[in-house]
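>>> Quick one: sequence plus predicted model below, questions after.
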Amino acid sequence: MKRSEEDEFREFVEIRMDRWRRAAYLLCHDWHMADDLVGTVVGKLYENWRRVSAADNPDAYAQRVLTRSWIDENRRPWRREYPAEDVPDPGWSPPDQVADREQLIALLSRLGRRQRAVVVLRFYFDHSVEETAELLGVTTGTVKSQSARALEALRALSYATRRHQ
């Protein structure tokens, strides 16, 4: 890789690192695993930087790598999900932090993996149905149905949580 390409790569990664880390955390609910996923993403992007930089949308390419890396990691037999209560406080506040972050994370953790990925891509990253389908390698119908089911589940869980408080 040429020096100019390395500089371009470093700048690309530096600008997006915090967002990738937060997105990875929303997917996996574990700061350590989120850091591992981001490291994997950075390595894969570096290996394929010429292809990434030539892509129509390098951000979407990187988000696809992040999402697929998380899905692949969850296929490993030694991985399991942790309840939201066991997630350690990272000790920092992201600039776009949601006021009721703990409730959001607890609600997201109750969704299935595919529904969680759809919700994060559609509503955190603000991707279209088509972009989300492409990133996950599923049909647009699957994205629509998973979105609808996930939102319905989140509404029900949110209502139940508020009712018991």
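Alright, I've got the coordinates.
>>> which secondary structure elements does the strand or helix carrying residue 160 contact?
Element membership for residue 160, per DSSP states H and E: helix 140-163. If contacts are counted by 3 or more C-beta pairs under 8 Å, 6 or more residues apart in numbering; DSSP states H and E, helix 140-163 sits against helix 101-109, helix 113-119, helix 129-136. Glycine gets a C-beta too; all of them are placed from N, C-alpha and C.
>>> Buried residues, the second one. List them.
Along helix 113-119, these residues count as buried under the neighbour rule (16 or more other C-beta atoms under 10 Å): 114, 115, 116, 117, 118, 119.
>>> For the fourth one, give me its contacts.
If a contact means C-beta atoms under 8 Å, 6 or more residues apart in numbering, then residue 117 has 27, 67, 70, 71, 136 as its contacts.
>>> and the gap between the first one and residue 105?
The one in question is residue 27. Per C-beta to C-beta, to the nearest Å, residue 27 is found 11 Å from residue 105.
>>> one step back: how about the buried residues of helix 113-119, which pair is most distant?
114 and 119 (9.8 Å; C-beta to C-beta).
>>> Also compute the angle for the longest helix belonging to the chain relative to helix 101-109, please.
Counting residues, the longest helix in the chain under DSSP state H turns out to be helix 3-28. Following axes from the mean of the first three to the mean of the last three C-alpha atoms, to 10 degrees, one obtains 80 degrees for the angle between helix 3-28 and helix 101-109.
>>> tell me what helix 3-28 is packed against?
helix 31-47, helix 49-54, helix 58-74, helix 113-119.
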